[in-house]
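Undergrad: Model the structure of this input:
(chains A, B, C and D)
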Protein chains: 2
Amino acid sequence: MVLRIPTRRVLADDVYEQIRALIMSDGIAPAARVNIDEIARRLDVSPTPVREALARLESEELVSRLPLRGYRVTDLLNRKQVDDLYALRLLLEPPSAALAAGRMTAESVALIESELATCPAAPADDAYDDYKNLTAHDQRLHELILRIAGNDAVLQAFAKTHCHLHLFRLNFQQPFGVQTITEHRAIAEALVAGDEVGASAAMTAHLEIARSRLLDRM
Amino acid sequence: MVLRIPTRRVLADDVYEQIRALIMSDGIAPAARVNIDEIARRLDVSPTPVREALARLESEELVSRLPLRGYRVTDLLNRKQVDDLYALRLLLEPPSAALAAGRMTAESVALIESELATCPAAPADDAYDDYKNLTAHDQRLHELILRIAGNDAVLQAFAKTHCHLHLFRLNFQQPFGVQTITEHRAIAEALVAGDEVGASAAMTAHLEIARSRLLDRM
DNA sequence: GGATCTCTGATCCTATAGGATATTTGCGGG
DNA sequence: CCCGCAAATATCCTATAGGATCAGAGATCC
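TA: You can find the predicted model right below:
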């Protein structure tokens, strides 16, 4: 039995992730122009897959396109944008958490528990990697809850905000860990108990704390 | 004073709209494979702008991409997807309508009134064009309300569902007009009056009626 | 003398043509 | 009827030419 790559990759996929990583790690500064030829030379490919990758990145608003003038990296989120983003999440996630609480199965419980278990109790050596792991965990948990709620349109709407990605770029090395974990556990407990009102309330509290914590630092 | 071309267009923009129009008008059937070379020949351009246009269309889920196997037109929405879509809209739009009601200005009132005025009282000769115009009007009005509410994240999340586009593809030549107009007017009156509760309720009623009207026909 | 305009050069986006590679389809053999 | 092989088709990528934009230097006008 040969183990196959689940989805075949083409060059544009790799280029896409490379550019994305470059932007995330500030390899290309915000507001900087993106030179297609330069990227192509740097990754040793032709401009064509670079163009396709940029077209995809544009849809998640990591770059913006100016006709006949090329692409540029989008600015970091400002206060209003962060505020709006959390207002949107407050519309989507608390009702979804309530829905999820009413639809919990043994399988769902196991998924929640195992996701919580992946969370590194002890921080990693590197603060940057630590922050990155925690962000990824946070994203997986929030999306898992939406998946349990069962509304694909809501899940996609949330995913397309790419909020974790944009919030990650703000990159505040704040004491993010302990409090978040505690809040996550509160949400999980309400979900496992099938407590719809409690799950909604815990999610609301979680988001509002995160929002004010973030805005205080801007 | 030099008059400038408002937004420069490149070939990929035209190709994008042409393909989109083809899909919308069933010039390419749902689930059909999209041949890049064929499109290129048909529009008399090279494959490169076609590839870029398809990458953009993928982000709004009019086509889906299978690596090394090309693009295919997405299927029409099924019952669950329609149901999910309206559930999402019910999360976003009624609260936004309430917000908008509390933020109305003289300018906002004028925008609402003029949009309502654009609605063709008498149906056009062609039923297809009539349906198209009404859909476009409906989309403009709903997005205008979100714009008045002032949360760009919500507006974008709504816009990215491309719900009017997908619902249009279902293309039911139903008696869509009169009732919708009446409901719109009810929403508008509550907005102009600054009635937050009323606006929210009118929006909720509008969406729920539209949903059941649509689901009844599937 | 300073400012504005124009011209020139370089850089980069846009589009085309062509070749390499992977998949699919059809056919023959077991 | 199933399996394997080969030709055909289409995707994917590269290389290159054409055209637009931008920056800078020089000239002209006030």
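Undergrad: distance between the ends of stretch A:27-44?
TA: End-to-end distance for stretch A:27-44: 17 Å, by Cα to Cα, to the nearest Å.
Undergrad: I'd say residue A:147 and residue A:155 touch.
TA: Yes: with contact defined as Cβ atoms under 8 Å, residue A:147 counts as touching residue A:155 (6.0 Å). Bear in mind the C-beta positions are built from the backbone N, C-alpha and C, glycine included.
Undergrad: out of the two, which sits in the busier spot?
TA: residue A:155 (22 against 16; other Cβ atoms under 10 Å in any protein chain shown).
Undergrad: Name the nearest residue to the more buried one, ignoring sequence neighbours.
TA: Spatial nearest neighbour of residue A:155, excluding adjacent residues (Cβ to Cβ, 6 or more residues apart in numbering or on different chains): residue A:146 at 4.4 Å.
Undergrad: Contacts for the particular helix or strand that has that neighbour in it next, please.
TA: For residue A:146, the host element (DSSP states H and E) is helix A:127-149. For helix A:127-149, contacts defined as Cβ atoms under 8 Å, 6 or more residues apart in numbering or on different chains pick out A:92-93, A:96-97, A:99-100, A:103-104, A:108, A:111-112, A:115-116, A:118-120, A:123-124, A:154-155, A:158-159, A:164, A:167-168, A:171, A:173, A:176-177, A:180, A:184, A:187, A:191, A:203.
Undergrad: Filter those residues down to the buried ones.
TA: Among the contacts of helix A:127-149, the ones that count as buried by 16 or more other Cβ atoms under 10 Å in any protein chain shown are A:92-93, A:96-97, A:99-100, A:104, A:108, A:111-112, A:115, A:119, A:154-155, A:158, A:164, A:167-168, A:176, A:180, A:184, A:187, A:191, A:203.
Undergrad: Which ones among those residues lie within helices?
TA: A:92-93, A:96-97, A:99-100, A:108, A:111-112, A:115, A:154-155, A:158, A:164, A:167-168, A:180, A:184, A:187, A:191, A:203 (DSSP state H).
Undergrad: For the residue nearest the centre of chain A, give me its contacts.
TA: By Cα atoms, centre = their mean, chain A has its centre lying nearest to residue A:164, at 2.9 Å. Contact partners of residue A:164, counting by Cβ under 8 Å, 6+ apart, are A:135, A:136, A:138, A:139.
Undergrad: quick one: it and residue A:136, what's the gap?
TA: 8 Å (Cβ to Cβ, to the nearest Å).
Undergrad: hang on, the earlier thing: who wins on neighbours among the contacts of residue A:164?
TA: residue A:138 leads those on contacts (other Cβ under 10 Å) with 20 neighbours.
Undergrad: Figure out the helix or strand that residue A:21 lives in.
TA: helix A:11-24.
Undergrad: wait, does the helix or strand following that helix make contact with DNA strand C?
TA: Proceeding N to C from helix A:11-24, the next assigned helix or strand is strand A:33-34, under DSSP H and E. Yes: under the criterion of Cβ under 7 Å from any atom of the strand, DNA strand C is reached by strand A:33-34 at A:33, A:34.
Undergrad: Any residues of chain A in contact with chain B? List them.
TA: A:7-10, A:13, A:48, A:51-52, A:55-56, A:58-60, A:67-68, A:80-81, A:84-85, A:87-88, A:91-92, A:95, A:151-154, A:156-157, A:160-161 (Cβ under 8 Å from any Cβ of the partner chain).
Undergrad: Low-confidence regions, chain A specifically.
TA: By pLDDT under 70, the low-scoring segments of chain A are A:1-8, A:120-127, A:172-177.
Undergrad: And it, what are its domain boundaries?
TA: A:11-73, A:79-216 (automatic domain parsing).
Undergrad: Next, format the ones you listed as CSV and append distance to residue B:75.
TA: Listed next are the domains of chain A as CSV, based on distance: least, Cβ to Cβ, whole Å:
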stretch, distance to residue B:75
domain A:11-73, 21
domain A:79-216, 14
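Undergrad: Quick one: name the residues of chain A near DNA strand C.
TA: Checking chain A against DNA strand C by Cβ under 7 Å from any atom of the strand, the hits are A:8, A:33-38, A:47-48, A:51, A:67-71.
Undergrad: Please pick the buried ones from those.
TA: With burial judged by 16+ other Cβ under 10 Å, the buried subset of the residues of chain A next to DNA strand C is A:34, A:36, A:47, A:48, A:51, A:71.
Undergrad: Show me what from chain A comes close to DNA strand D.
TA: A:10, A:11, A:12, A:45, A:46, A:47, A:48, A:49, A:52, A:68, A:69.
Undergrad: rerun that using 6 Å as the cut-off
TA: Contacts of chain A with DNA strand D, taken as Cβ under 6 Å from any atom of the strand, map to A:10, A:11, A:12, A:45, A:46, A:47, A:48, A:49, A:68, A:69.
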